[in-house]
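Participant: model this:
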Amino acid sequence: MNIDLNSDLGESLGAWRMGDDAAMLSLVSSANVACGFHAGDPAGILRTLRQAEERGVAIGAHVAYRDLVGFGRRNMDVDSADLRADVIYQIGALKGLAAAAGTTVRYVKPHGALYNTIAHDERQARDVIAAIREIDHGLCLVALAGSPLLGWARGEGLRAVAEAFADRAYTPHGTLVSRREPGAVLHDADEVADRMLRLATEGVVTAIDGSTVRIEAESVCVHGDSPGAVEMARQVRVRLEQAGVTIRPFVDAA
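Facilitator: Here you go, the predicted structure:
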């Protein structure tokens, strides 16, 4: 049994420090690195990329709406031409920094509101798919497990990787509980580790109402900005490895 463990990194901005990238990079197999639109500054992003390269961690472009103030978590109805160009711009910027760090960008994982919107909004989804194909059709797209986006991307010839979330609650329908709802974000590292072991070995998680929901995923995300994120990622990794599950990226690291 194999599974990828990823985290959103490179999100510090100037004097504002977000998460512990160095610690997370010793635990995850893939890093979704901010591209400057929702978080991250060039020097910090480059530092994270160099640390990832040293540890053999696969790099993904964590593209977002242009929304520094809202941390990319505000819904936006962006014109198609603008959205395509914004995604191309962000991937291109990260590719340049990655080259300087001696590594390469291997996949794209949208962030926040963009991630949630394109999981079901076909117009914006196809804009993001088109942008990826235009800049590098060899890039994978990471998308919410069970979402229509997976099929739309595969229909356009992209490899699409289904993702689950270690620290987020699920509805009985297999969608994420809104962050506006109580209990949406999980904080107990032992509980999260147990959930992810069950996901990796049985393909199911317990929904917020106590029911069991099937989630088929190749990658699991632990948010780098969550309180106790490093300990949570450590517990997940230890629990999975103790059960014989191998943690490795879904793409080559370089």
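Participant: make it CA atoms for all contacts and neighbour counts henceforth
Facilitator: Will do.
Participant: enumerate every residue touching Thr171.
Facilitator: Contact partners of Thr171, counting by CA atoms under 8 Å, 6 or more residues apart in numbering, are Val177, Ala207, Ile208, Asp209.
Participant: keeping just the C-alphas, turn the longest helix anywhere in the chain into CSV.
Facilitator: Using DSSP state H to define each element, the chain has its longest helix at helix 80-100. Extracted in CSV, the C-alpha atoms of helix 80-100 (Å, rounded to 0.1, in the frame of the first residue of the first chain):
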residue,chain,number,x,y,z
SER,A,80,-12.0,33.2,-18.2
ALA,A,81,-9.2,35.1,-19.9
ASP,A,82,-8.0,36.5,-16.6
LEU,A,83,-8.3,33.2,-14.8
ARG,A,84,-6.3,31.3,-17.4
ALA,A,85,-3.6,34.0,-17.5
ASP,A,86,-3.4,34.1,-13.7
VAL,A,87,-2.9,30.4,-13.5
ILE,A,88,-0.3,30.4,-16.2
TYR,A,89,1.5,33.3,-14.5
GLN,A,90,1.7,31.6,-11.2
ILE,A,91,2.9,28.3,-12.6
GLY,A,92,5.5,30.1,-14.6
ALA,A,93,6.8,32.1,-11.6
LEU,A,94,7.1,28.9,-9.6
LYS,A,95,8.9,27.1,-12.4
GLY,A,96,11.5,29.9,-12.5
LEU,A,97,12.1,29.8,-8.8
ALA,A,98,12.2,26.0,-8.8
ALA,A,99,14.8,26.0,-11.6
ALA,A,100,17.0,28.3,-9.4
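Participant: gap between it and the chain center?
Facilitator: Distance of helix 80-100 from the chain centroid (CA atoms, centre = their mean, to the nearest Å) equals 17 Å.
Participant: helices or strands up against that helix?
Facilitator: helix 42-55, strand 58-62, strand 105-108, helix 122-136 (3 or more CA pairs under 8 Å, 6 or more residues apart in numbering; DSSP states H and E).
Participant: burial measure for Val222, as a count.
Facilitator: Neighbourhood size, Val222 [other CA atoms under 10 Å]: 23.
Participant: cool, and the one 10 residues further on?
Facilitator: Applying the criterion other CA under 10 Å, we find 26 residues in the vicinity of Met232.
Participant: re earlier: tell me which of the helices and strands packed on helix 80-100 lies nearest to Pro249.
Facilitator: strand 58-62 (6.4 Å; CA to CA).
Participant: so where do the strands sit in this protein?
Facilitator: Using DSSP state E, the strands found in the chain span residues 2-9, 30-34, 58-62, 105-108, 140-144, 160-165, 204-206, 212-214, 219-221, 246-247.
Participant: mind putting those into JSON lines with mean neighbour count, distance to Arg74 and mean pLDDT?
Facilitator: Below are the strands of the chain laid out as JSON lines (neighbours: other CA atoms under 10 Å; distance: least, CA to CA, whole Å; pLDDT from 0 to 100):
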{"stretch": "strand 2-9", "mean neighbour count": "24", "distance to Arg74": "17", "mean pLDDT": "96"}
{"stretch": "strand 30-34", "mean neighbour count": "30", "distance to Arg74": "16", "mean pLDDT": "98"}
{"stretch": "strand 58-62", "mean neighbour count": "29", "distance to Arg74": "16", "mean pLDDT": "98"}
{"stretch": "strand 105-108", "mean neighbour count": "25", "distance to Arg74": "20", "mean pLDDT": "98"}
{"stretch": "strand 140-144", "mean neighbour count": "25", "distance to Arg74": "18", "mean pLDDT": "97"}
{"stretch": "strand 160-165", "mean neighbour count": "22", "distance to Arg74": "20", "mean pLDDT": "96"}
{"stretch": "strand 204-206", "mean neighbour count": "21", "distance to Arg74": "27", "mean pLDDT": "94"}
{"stretch": "strand 212-214", "mean neighbour count": "17", "distance to Arg74": "28", "mean pLDDT": "94"}
{"stretch": "strand 219-221", "mean neighbour count": "24", "distance to Arg74": "20", "mean pLDDT": "96"}
{"stretch": "strand 246-247", "mean neighbour count": "18", "distance to Arg74": "32", "mean pLDDT": "96"}
